[in-house]
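Colleague: Next comes the sequence, and after it the predicted model I'd like to discuss.
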Amino acid sequence: MAIYEGRMQGASLDLSHVTLRLDDDKRLRIFAGPVAVGSWPMSRVTAERTSIYRFSLDIDGEIFEFFPEDPLGFSEAIGAVIDLTRTSRFSLKEAIERTR
């Protein structure tokens with residue numbers, strides 16, 4: 001089990017402090033303090049790293065932004081993907097091209 005704290009926001013949710021728990025039984029559980037917000041199988045969760053500190057989580061079709069206190073650990077634990085084709089202020093692709 002891995003536990004990550006941070007801030008989460010979405011169209012139907014804006015929590016200043018949440019705990020995401022990635023359980024050994026392949027479930028994502030979200031808590032706001034002692035209150036369980038929800039639980040989903042990891043097969044229904046997709047994570048994309050959108051900046052150094054921000055992740056886009058598609059949880060059962062609903063999009064949330066998560067700002068973990070430990071971005072590297074969270075990225076590795078959840079298996080976040082990075083879109084290297086996107087061009088933006090924080091794009092890795094642009095940073096690589098600027099060094100050429």
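Modeller: Sure thing, it's come through.
Colleague: so what does the helix or strand hosting Ala77 touch, helix or strand wise?
Modeller: Per DSSP states H and E: Ala77 is located in helix 71-78. On a contact count with 3 or more Cβ pairs under 8 Å, 6 or more residues apart in numbering; DSSP states H and E, helix 71-78 meets strand 2-10, strand 13-23, strand 45-49, strand 55-59. Glycine gets a C-beta too; all of them are placed from N, C-alpha and C.
Colleague: As JSON lines, these with mean neighbour count would be great.
Modeller: Converted to JSON lines, the helices and strands packed on helix 71-78 look like this (neighbours: other Cβ atoms under 10 Å):
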{"stretch": "strand 2-10", "mean neighbour count": "17"}
{"stretch": "strand 13-23", "mean neighbour count": "16"}
{"stretch": "strand 45-49", "mean neighbour count": "18"}
{"stretch": "strand 55-59", "mean neighbour count": "19"}
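Colleague: Give the full set of residues in contact with Pro60.
Modeller: One thing to correct before we go on: residue 60 is Asp, not Pro. Neighbouring residues of Asp60 by Cβ atoms under 8 Å, 6 or more residues apart in numbering: Trp40, Arg44, Val45.
Colleague: so what's the last one up against?
Modeller: When the contact criterion is Cβ under 8 Å, 6+ apart, the partners of Val45 are Leu28, Leu57, Asp58, Ile59, Asp60, Ile78.
Colleague: what secondary structure does the nearest residue to Phe55 once chain neighbours are set aside sit in?
Modeller: Leaving aside its chain neighbours, Phe55 sits nearest to Phe66 (4.7 Å; criterion: Cβ to Cβ, 6 or more residues apart in numbering). State at Phe66, reduced to three classes by DSSP: H, G, I helix; E, B strand; the rest coil: strand.
Colleague: so who does Phe66 touch?
Modeller: Applying Cβ under 8 Å, 6+ apart, we find Phe66 in contact with Gly6, Arg7, Met8, Val18, Leu20, Arg54, Phe55, Ser56, Leu57, Phe74.
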